[in-house]
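**Student:** Based on what follows, work out the 3D shape:
(chains A and B)
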Protein chains: 2
Amino acid sequence: MNDRIVHMLDASPSEDLIQVEGWVRTKRDSKNFCFFEVNDGSSLRSLQVILDKNTSDIAQTINRISTGASVTFTGHLVESPGKNQKVELQASDVILHGEAPADTYPLQKKRHSLEFLREIAHLRPRTNTISAVARVRNELSYAIHHYFHEKGFVYVHTPIISASDCEGAGEMFQVTTLPLNSLDGSKPIDYSRDFFGKQANLTVSGQLEAEIYALALKNVYTFGPTFRAENSNTARHLAEFWMIEPEMAFCTLEGDMAVAEDFLKHIFTHVLEHCEEDMAFFTKWVQKGVAEGLQQVVEKPFIHLPYTDAVELLHKSPKEFEYPVAWGHDLQSEHEKYLTEEIFKAPVIVTDYPKEIKAFYMKLNDDGKTVRAMDVLVPRLGEIIGGSERESRYDVLSSRLKEQDLREDDYWWYLDLRRYGSVPHAGFGLGFDRVVQYVTGMQNIRDVIPFPRTVHNAEF
Amino acid sequence: MNDRIVHMLDASPSEDLIQVEGWVRTKRDSKNFCFFEVNDGSSLRSLQVILDKNTSDIAQTINRISTGASVTFTGHLVESPGKNQKVELQASDVILHGEAPADTYPLQKKRHSLEFLREIAHLRPRTNTISAVARVRNELSYAIHHYFHEKGFVYVHTPIISASDCEGAGEMFQVTTLPLNSLDGSKPIDYSRDFFGKQANLTVSGQLEAEIYALALKNVYTFGPTFRAENSNTARHLAEFWMIEPEMAFCTLEGDMAVAEDFLKHIFTHVLEHCEEDMAFFTKWVQKGVAEGLQQVVEKPFIHLPYTDAVELLHKSPKEFEYPVAWGHDLQSEHEKYLTEEIFKAPVIVTDYPKEIKAFYMKLNDDGKTVRAMDVLVPRLGEIIGGSERESRYDVLSSRLKEQDLREDDYWWYLDLRRYGSVPHAGFGLGFDRVVQYVTGMQNIRDVIPFPRTVHNAEF
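**Tutor:** Numbering: from 1, shown residues only, chains lettered A, B, ... in the order given. The predicted model follows:
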């Protein structure tokens, strides 16, 4: 597997015959020679290949090669006279696998808008931007699995299809095998005929099930797809997105904050170290200072700030906000950015939010008004992680369910976790695609996932 | 994170005060001392804890501790006089976090049937068998990501919701936001009102989309959930299961077979090395010889056998099969087992199946009758991997679509991959849950995934 162009580019000249496989990015003709840039997706950089046109039996093949064609060149690496590369391939032979006729192939050598590339999502990974995103996304995924594995967390596959109504029915996708065109809306739906014998939906979070495993294996995490049928046609929303949700037993909010900080620093360090070239590309072409911003998150200690103090700080600030700041209301993106970019110039973990704006499962503080929630805010983005210590007291959880008009029956097993061997436990969640968006600086989340699913769009 | 019981069990006696967190498995009283077995999910083994009952202020706490209770003990490790462990904890203090009342806690110290445990899937990870499965499942997942990462494969998140009809409409789950109880079956469904503006389903495979990325990045893989709305109530079927699908460009069937063999050997070696204790447990209590069987797969070269030769060998065999062997029909499990267990006593890769019993996208051989498919068969299980070289020729693919009554329009982008820069490429798929089942020897697939989804069952 060391036959990749990324390795050849750093190899030394040699008389050994090697084969280079890839897709032609450009082709340039001179009288006696033909020059190609060949890319195989292992790097932004292409390998330059020089072929002697006078080798009689390949002249015809050369004519059929154009941008996008797939080829295998045979030759050996020689020192390159050009300043852009150390070596180039002096080719003695070429195999053309597949042409890419210039009159129809959409990816000619010119700049294409990201909007246009979304329409040809089956070809866009052959571009610099989208292949760089794919490589960064891959390294981020791996860094996440690696981090948790090294720390002894067990990866848990929580269910995608959920028949419990636990998470609030709104904005969920229904999953069914009922033949819709034979339903009679005037009668109640007979769910006994549906596949699961009851109404089923796509999950919006694996947290509650992750808690089950944390209360047996101590430290666990999920990394899987989640769904939201939200009618939000923005550059930040996907209907199908990947989430990471660690959950830790014998852990309070303090431990939760420590792991969240350590985790972010680890995965950003990994990308900075393993995707240097791609990060330089994003910094140059996509978002100025993006790599530097990650570096700062890695270096700075995260500030811990109770929500009530945050509100006070924002009140005192001279800045005029579009949305007024008021205790009891959620912080808006502009407030979060002001805290991280102006006041602290560092990542900030805001804790202890009013219970009314947070979920029922978060641990109630002794003040009876706030819960042990945390939002991790980073400059440029705002919230990147949301988490909390979970309510581990049976009676308090039961009251909180009633307060929010949720039925205890729907949560029988979740309550059981507090009835049998309950412990302080905590966790957090982060949307993977938003992290990729943050790390790469890409403006639209549709460009950081291979095949985005959004309102009225599920192509490919 | 080195505060786990699995590490303490191998530590040396020390005067240092340490804390042990976990759940009580058993409690035993003597006149002056109380003995506990404490487990934290990091190992099958529990740590023995000895507490002096005469320490006045903890006597009452001790009384409330029973099997299932969550505790933190403070003490120091001393040499254990028992033969089952090197060290034990001499505890000076205990915190009881949560009781587990003996009259209602379902997991008392006795054997529970796996059927019963399925009904309490929220508590079953606290048992030896299910926690061992979770640890093996975790190590297998990690081994898979690690293998592909080291080989330069890019992890691709292919879509879960699919609006293309590519994969044959049968047995798919429909995904919708239409209010079912307001549909009028006498009229055609107005899908413009549905979330995606058209009919959408849960994916049955990420292969076709993985091919898109392979034809840009060369080597890629998927690892995600897939779905089958099959009415199969067996010990081997799940409606929701996790699949791994590598896809490689510039790769023919030979390369595909080589990677499949190397891959299986790598992940089995990883489990044998990293889950020794759990594998010993499965070998002793669940399936005799299970670890040894894995070891043999690791050690033996895989046999390559064309389907036509396989049929001939089976014809010649003295064995009377339940299902007769006939060229043109799929091999049954009994045939697959006979090949691996009786004839070759090794894993066997059967290749070049009749085109009628394989998918349209597999490369047609020059004989016009067989395709470049492969099934990897292992002893005890039969098929563990299915793969093929893909049809990379536009014209042949187009004819194959027609032969199978598939519409070219539905496959426009898949055909485009053959129109622009097509290359020989190949890949395979394996069902992750079946691999976990094979590795652990568990009889029922419902016991190797945390929360199984099957016909009329989507609890938790």
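
**Student:** can you count the residues close to residue A:452?
**Tutor:** Applying other CB atoms under 10 Å in any protein chain shown, we find 23 residues neighbouring residue A:452. To be clear about C-beta, it is placed using only N, CA and C from the backbone, and glycine gets the same treatment.

**Student:** and if you look at the one 4 residues further on?
**Tutor:** Residue A:456 sits with 12 neighbouring residues when counted by other CB under 10 Å.

**Student:** May I have the phi/psi pair for it?
**Tutor:** Dihedral angles of residue A:456 (phi, psi; degrees, to the nearest 10) stand at phi 60, psi 30.

**Student:** Nearest residue to it in space, please, no chain neighbours.
**Tutor:** Once flanking residues are discounted, residue A:456 sits nearest to residue B:197: 3.9 Å by CB to CB, 6 or more residues apart in numbering or on different chains.

**Student:** ok, how many other residues are close to that neighbour?
**Tutor:** The tally of other residues near residue B:197 (other CB under 10 Å) stands at 14.

**Student:** Residue A:344 now?
**Tutor:** Residue A:344 is flanked by 17 other residues according to other CB under 10 Å.

**Student:** The one 3 residues further on too?
**Tutor:** As a burial measure, residue A:347 scores 25 neighbours (other CB under 10 Å).

**Student:** same check, this time on residue A:211
**Tutor:** A count of neighbours around residue A:211, defined by other CB under 10 Å, yields 26.

**Student:** Can you tell me the SS state at it?
**Tutor:** Following DSSP: H, G, I helix; E, B strand; the rest coil, residue A:211 is assigned to helix.

**Student:** for it, what are its contacts?
**Tutor:** Applying CB atoms under 8 Å, 6 or more residues apart in numbering or on different chains to residue A:211 gives the contacts A:247, A:390, A:414, A:417, A:425, A:427.

**Student:** Residue A:392 now?
**Tutor:** Going by CB under 8 Å, 6+ apart, residue A:392 touches A:363, A:418, A:422-425, B:97-98.

**Student:** thought residue A:107 was touching residue A:123?
**Tutor:** Yes. Contact criterion CB atoms under 8 Å: residue A:107 and residue A:123 qualify, at 5.6 Å.

**Student:** Helices of chain A, residue ranges please.
**Tutor:** Assigned by DSSP state H, the helices in chain A fall at A:5-8, A:59-64, A:114-119, A:128-150, A:207-217, A:253-274, A:276-281, A:290-299, A:307-316, A:333-337, A:394-403, A:412-419, A:432-440.

**Student:** what residues does the shortest one touch?
**Tutor:** Okay, so that is helix A:5-8. Against helix A:5-8 from outside (CB under 8 Å, 6+ apart): A:18, A:20, A:22, A:38-40, A:42-43, A:45-47, A:77, A:87, A:89.

**Student:** okay, residue A:107 and residue A:123: which has more neighbours?
**Tutor:** Legend: neighbour count by other CB under 10 Å for residue A:107 and residue A:123, higher for residue A:123 (24 against 19).

**Student:** What does the pLDDT read for that one?
**Tutor:** pLDDT, residue A:123: 98.

**Student:** cool, and residue A:168?
**Tutor:** According to the prediction, residue A:168 has pLDDT 53.

**Student:** do residue A:447 as well
**Tutor:** Listed pLDDT for residue A:447 reads 98.

**Student:** Verify the stated contact: it with residue A:129.
**Tutor:** Yes. With contact defined as CB under 8 Å, residue A:447 counts as touching residue A:129 (7.5 Å).

**Student:** joint contacts of these two?
**Tutor:** Here residue A:447 and residue A:129 have A:114, A:117 as joint contacts, going by CB under 8 Å, 6+ apart.

**Student:** list the buried ones in stretch A:116-128?
**Tutor:** Using 16 or more other CB atoms under 10 Å in any protein chain shown as the burial criterion, the residues of stretch A:116-128 that qualify are A:117-118, A:120-127.

**Student:** what does the stretch 1-150 of chain A have sitting close to chain B?
**Tutor:** Selection of the stretch 1-150 of chain A residues close to chain B by CB under 8 Å from any CB of the partner chain yields A:1, A:4, A:21-23, A:40-42, A:68-70, A:72, A:97-101, A:104-105, A:107, A:121-123, A:125-126, A:131, A:134-135, A:137-138, A:141-142, A:145, A:149.

**Student:** how much space between residue A:305 and chain B?
**Tutor:** Per CB to the nearest CB, to the nearest Å, residue A:305 is found 26 Å from chain B.

**Student:** List the contacts of that residue.
**Tutor:** Contact analysis of residue A:305 by CB under 8 Å, 6+ apart lists A:313, A:339, A:344, A:348-351.

**Student:** What of residue A:424?
**Tutor:** Going by CB under 8 Å, 6+ apart, residue A:424 touches A:249-252, A:389, A:392, B:97.

**Student:** re earlier: okay, and which of the residues of the stretch 1-150 of chain A next to chain B map to strands?
**Tutor:** With strands taken from DSSP state E, the overlap with the residues of the stretch 1-150 of chain A next to chain B comprises A:21-23, A:70, A:72, A:97-98.

**Student:** out of the residues you listed, who's nearest residue B:307?
**Tutor:** Set against residue B:307, the nearest of these by CB to CB is residue A:97 (27.0 Å).

**Student:** what's the spacing between that closest one and residue A:67?
**Tutor:** Computed as CB to CB, to the nearest Å, the residue A:97 to residue A:67 distance reads 15 Å.

**Student:** Ok, residue A:141 next?
**Tutor:** The gap separating residue A:141 from residue A:67 is 30 Å, by CB to CB.

**Student:** Kindly report the same for residue A:214.
**Tutor:** Going from residue A:214 to residue A:67 by CB to CB gives 52 Å.

**Student:** same check, this time on residue A:373
**Tutor:** The value you get for residue A:373 to residue A:67, if CB to CB is used, is 52 Å.

**Student:** For the stretch 351-460 of chain A, which residues are neighbours of chain B?
**Tutor:** Proximity of the stretch 351-460 of chain A to chain B (CB under 8 Å from any CB) is limited to residues A:392, A:413-414, A:416-424, A:449-451, A:453, A:455-460.

**Student:** gap between the worst-scoring helix or strand of chain A on mean pLDDT and the chain center?
**Tutor:** Each helix and strand of chain A was given a mean pLDDT (mean pLDDT, DSSP states H and E); the minimum falls on helix A:59-64 at a mean of 91. Once both centres are worked out by CA atoms, centre = their mean, to the nearest Å, helix A:59-64 turns out to sit 42 Å from its chain's centre.

**Student:** Same question for it: list its buried residues.
**Tutor:** Using 16+ other CB under 10 Å as the test for burial, helix A:59-64 gives residue A:62.

**Student:** So which of the contacts of residue A:392 wins on neighbours?
**Tutor:** Compared across those, residue A:425 has the highest neighbour count, 27 neighbours, by other CB under 10 Å.

**Student:** excluding its backbone neighbours, what's nearest that one?
**Tutor:** That would be residue A:249: by CB to CB, 6+ apart, it lies 4.5 Å from residue A:425.

**Student:** so who does the one you found touch?
**Tutor:** A:214-215, A:218-219, A:423-425, B:21, B:70.

**Student:** quick one: the residue in the stretch 251-400 of chain A that chain B sits nearest to from residue B:209, how far?
**Tutor:** Of all residues in the stretch 251-400 of chain A, the one sitting closest to chain B is residue A:392 (7.2 Å; CB to the nearest CB). Using CB to CB, one gets 42 Å for the distance from residue A:392 to residue B:209.
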